[in-house]
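J.: Model the structure of this input:
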Amino acid sequence: MAISATLIQQQRVSHHVIIEANGAIMERCISWAANQTNSTVTPMLGFWEDVTQLLGDETFDGVMFDPFPSTITLAFMKESRRLLREGGVLTYYLQQWGNSGVKQWARSRQDLLKAGFTEDEILPPKYAPMDIRSDCGANDLSTCPMQRVTFIIPQIVKGGKKRTEEFLNDAFSKPSTFETSFHDLRFLHEGPPRQPWARVAAQA
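T.: Residues are numbered from 1 along each chain as shown. Just a heads-up that it's a prediction; the model follows:
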């Protein structure tokens, strides 16, 4: 669907890399990428566990991971910290059924600490309660009841909030940086793509 990727393109990032493990989706991604004019788009085919090994330490300004319907893992949190520059931001998909996301966030926060992020780097998340249609198994899903879910939007800043404020102030005088995704995993990176990306993308 390229919803989040399109929104990031609208921010005029200088480079946008998309990591996707599904071959059919990758074909659509390549077609979509060819029509983007705001920034260079580099698709990468593979799972993040394999692909991110090609990416250098501390080269990204942000990471967004959307593993729906699953959730982020401790291993990915550790990898994100390796990839992020000082001031870089990590966010990811997280939800809890009901009117509160506090319990789910508490568990995720503990994993972030285990991954090496510090108390100062883990900012309070944003909560977005919403009523969505449940899947009750009926042929006509419009007959299924609505359920309340709270979406949790983490804000993890490597180096703490002060580093992000410095980065954002600096960004006004520079072109925006780049974004990448695996299943809507997003990396924001400053600088030209490394050569291995071209080889991976060519396999799609």
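J.: Which parts of the protein are helices?
T.: 3-9, 23-34, 48-51, 74-83, 102-114, 161-171, 195-202 (DSSP state H).
J.: Leaving out chain neighbours, which residue sits closest to residue 103?
T.: Spatial nearest neighbour of residue 103, excluding adjacent residues (C-beta to C-beta, 6 or more residues apart in numbering): residue 96 at 6.4 Å. For every residue, glycine as well, the C-beta is placed using N, CA and C.
J.: The one you found: neighbouring residues, count only.
T.: 20 (other C-beta atoms under 10 Å).
J.: ok, and the closest non-adjacent residue to residue 12?
T.: residue 38 (4.9 Å).
J.: these two touch, right, that neighbour and residue 15?
T.: No: proximity of residue 38 to residue 15 does not meet the contact threshold set by C-beta atoms under 8 Å, at 10.6 Å.
J.: So which of these two has more stuff around it?
T.: residue 15 (22 against 15).
J.: ok, that one touching residue 36?
T.: No: with contact defined as C-beta under 8 Å, residue 15 does not count as touching residue 36 (11.1 Å).
J.: Kindly format the C-alpha coordinates of stretch 130-143 as CSV.
T.: C-alpha atoms of stretch 130-143 as CSV (Å, rounded to 0.1, in the frame of the first residue of the first chain):
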residue,chain,number,x,y,z
MET,A,130,-9.3,4.0,18.6
ASP,A,131,-12.4,1.8,17.9
ILE,A,132,-11.8,-0.7,15.1
ARG,A,133,-13.9,-3.5,13.6
SER,A,134,-13.2,-6.9,15.2
ASP,A,135,-12.9,-10.0,13.1
CYS,A,136,-15.7,-12.1,14.5
GLY,A,137,-15.5,-14.7,11.7
ALA,A,138,-18.7,-13.6,9.9
ASN,A,139,-18.8,-13.4,6.1
ASP,A,140,-19.9,-9.8,6.4
LEU,A,141,-17.4,-8.2,8.7
SER,A,142,-19.6,-5.1,9.0
THR,A,143,-21.8,-7.1,11.3
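J.: Check which residues of that stretch are buried.
T.: Buried residues in stretch 130-143, counted by 16 or more other C-beta atoms under 10 Å: none are found.
J.: Please list the residues outside it that contact it.
T.: 144-151 (C-beta atoms under 8 Å, 6 or more residues apart in numbering).
J.: Next step: those residues restricted to strands.
T.: 146-151 (DSSP state E).
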